[in-house]
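> show me the folded form of this:
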Amino acid sequence: QLQLVESGGGLVQPGGSLRLSCAASGSSLDRYAVAWFRQAPGKEREGVSCATTRSDITNSADSVKGRFTISRDNAKNMVYLQMNSLKPEDTTVYYCNALSVWGLNYWGQGTQVTVSS
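Predicted structure coming up:
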């Protein structure tokens, strides 16, 4: 069974950058499409960025396009989310997700990102 652990969240000023990391264990990540989601209190979970198994296709939500970049290193079983030009409205908990072709769906525990001066 795949386990996902996020790290890299924290407090950053508006306009700053953070890189989130997601470490996978228990299975090879190259079998899964991966994504980052975020969820603010009282709101639905929102897809942020996603990538296919070999990152030949990536996509991002309009709200973060041009600012956030998803990447993965299958050899290291890692997924990353580079977040630039951060805004206060990006403040929330970010979750790593992995989805197999068989519909197996895994989530990390989340990491808090706070954008504030």
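
> going forward, measure contacts and count neighbours with C-alpha atoms only.
OK.

> residues near Ser63, how many?
Using other C-alpha atoms under 10 Å, Ser63 has 11 neighbouring residues.

> now do the strands in this protein.
3-7, 10-12, 18-25, 32-39, 46-51, 58-60, 68-73, 78-83, 92-100, 105-107, 111-115 (DSSP state E).

> quick one: the fifth one to strand 32-39, angle?
Put simply, strand 46-51 runs at 160 degrees to strand 32-39, going by axes from the mean of the first three to the mean of the last three C-alpha atoms, to 10 degrees.

> centre of the chain to strand 46-51, how far?
Computed by C-alpha atoms, centre = their mean, to the nearest Å, the chain-centroid distance of strand 46-51 equals 7 Å.

> show me what counts as buried in it.
Gly47, Val48, Ser49, Cys50, Ala51 (16 or more other C-alpha atoms under 10 Å).

> with pLDDT and distance to Asp62 added, can I get these in TSV?
Converted to TSV, the buried residues of strand 46-51 look like this (pLDDT from 0 to 100; distance: C-alpha to C-alpha, whole Å):
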residue	pLDDT	distance to Asp62
Gly47	96	10
Val48	97	9
Ser49	96	10
Cys50	95	13
Ala51	93	15
